[in-house]
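> Could you work out the structure for the sequence below:
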Amino acid sequence: MKKVIIALSGGVDSSTAAYLLQQQGYDVIGITMSIWQNEDIDDIAANSGCCGQTAVEDARYVCHQLGIPHYVLNFRDIFRQKVIDPFVREYLAGHTPNPCIACNRYIKWEHLFAKAKALDADYIATGHYAKIVRHEETGLYTIQASSSTKDQSYALYNLSQDALSRTLFPIADLPKDEVRKIAYEKIGLRVAYKPDSQEICFVPYRNHGAFLEEYLEKSLPKGNFIDEGDNVLGKHNGIGRYTIGQRKGLGGFGVPMFVKSINPETAEITLTPNENNIFANAMTVSDINHMSHGAIPENMPVYAKIRYAHRPAEATIIQNNDIITATFKIPQRAITSGQSAVFYDEKSRIICGGIIN
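Numbering: from 1, shown residues only. Modelled structure (predicted):
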């Protein structure tokens with residue numbers, strides 16, 4: 001019997017995935033990762049999905065219902081080093097990072113694999129909505145977008161070939177309603193209709209600015225809002241509270257304004273009243289992970305996602321050393337430094353991805 005470790009957050013997706021693995025004949029072990037460090041914040045974040053004590057209790061309950069072992073692993077130090085600290089540095093640099101992608105790579109796979117080896121497990125599994133397929137031309141594994149409206153392939157682009165070869169996604173293409181139905185009718189889980197986690201699990205109340213100031217134990221760098229002619233429009237509350245394309249929460253200027261750029265050296269944020277000015281037709285991307293492709297041929301046609309909820313857009317890419325330049329067929333709104341760009345082929349399979357410069 002093959003042994004599989006499943007990352008259990010206490011939510012309906014991972015819980016149903018554990019049940020399906022069990023039904024398929026696997027020897028299943030549930031693992032919940034303790035990743036947050038502060039009990040007060042832990043209480044605040046309890047209902048946000050995968051960080052709080054509630055998540056641990058729900059995961060323990062699920063394992064009890066299924067009759068499988070459950071372990072809680074302390075990943076707090078590595079989570080701080082690999083996820084939170086880079087998240088903070090990126091915001092101070094005027095960027096908008098995606099910590100879930102770093103968490104997937106370093107916590108849910110890299111360190112969970114180490115535990116899997118210690119327990120002689122053959123696979124790890126998660127409740128992600130994505131599919132692992134083998135590329136017929138290269139023989140390499142890649143991730144294909146799920147047909148479910150919950151597709152999460154974007155957040156998995158930087159997994160290694162070794163990780164992909166030993167990973168299972170049991171709920172892959174299942175509609176969310178079907179996942180909840182299985183959890184309720186087949187397992188009788190109390191988490192069957194638990195709300196999905198929202199935004200960033202370790203940021204209470206979705207307030208990035210407050211989190212950053214509490215974590216840094218000091219105020220964020222404040223400065224001026226300026227227009228495109230460098231004229232001062234007013235004061236802002238700290239660069240970590242804003243992102244490219246933002247419209248709400250800027251204050252009153254008589255007309256709608258949009259964040260066009262953030263300068264961390266001067267703490268100036270440039271605003272524009274013309275939304276067309278936050279569209280661009282090209283970007284550069286670094287820190288590339290080639291999932292199913294080697295060198296990128298010149299002007300390779302792709303479908304590019306520039307944020308989690310972005311609809312893939314037609315583009316061509318060129319690679320020069322460690323940098324990919326992508327040119328879009330139609331200009332895209334608010335291409336944002338620090339976010340990830342993921343490139344798919346015509347069959348919705350990931351080619352590669354990286355960080356937008």
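> now the helices for the stretch 101-250 of the chain?
112-118, 161-165, 176-181, 208-216 (DSSP state H, counting those that start in this stretch).
> Deepest-packed of those helices, please.
helix 208-216 (a mean of 17; mean count of other CB atoms under 10 Å). Quick note: C-beta positions are derived from backbone N, CA and C, even for glycine.
> same question for stretch 334-346, mean pLDDT?
Mean per-residue pLDDT for stretch 334-346: 97.
> List the buried residues for it?
By 16 or more other CB atoms under 10 Å, the buried positions in stretch 334-346 come out as 334, 335, 336, 337, 338, 339, 340, 341, 342, 343, 344, 345.
> Narrow those residues to those in strands?
340, 341, 342, 343, 344 (DSSP state E).
> what's the spacing between residue 288 and residue 323?
8 Å (CB to CB, to the nearest Å).
> Of these two, which one has the most company?
residue 288 (20 against 14; other CB atoms under 10 Å).
> Surely residue 6 forms part of a strand?
Yes. Remark: residue 6 belongs to a strand, assigned using DSSP: H, G, I helix; E, B strand; the rest coil.
> where are the low-confidence patches of the stretch 51-200 of the chain?
The stretch 51-200 of the chain contains residues with pLDDT under 70 at 51-53, 197-199.
> Show the residue spans covered by the strands in it.
70-74, 123-125, 130-134, 141-145, 167-168 (DSSP state E, counting those that start in this stretch).
> Show me what the second one pairs with in its sheet, parallel or antiparallel.
It refers to strand 123-125. strand 3-7 (parallel), strand 167-168 (parallel) (DSSP bridges).
> Turn the ones you listed into a markdown table, including distance to residue 259 and mean neighbour count.
What follows is these, written out as a markdown table (distance: least, CB to CB, whole Å; neighbours: other CB atoms under 10 Å):
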| stretch | distance to residue 259 | mean neighbour count |
| --- | --- | --- |
| strand 3-7 | 35 | 24 |
| strand 167-168 | 37 | 21 |
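> mind putting those strands in JSON lines, distance to residue 201 included?
Shown next, in JSON lines, are the strands paired with strand 123-125 (distance: least, CB to CB, whole Å):
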{"stretch": "strand 3-7", "distance to residue 201": "13"}
{"stretch": "strand 167-168", "distance to residue 201": "21"}
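> Report the separation between residue 79 and residue 103.
Relative to residue 103, and taking CB to CB, residue 79 is found at 7 Å.
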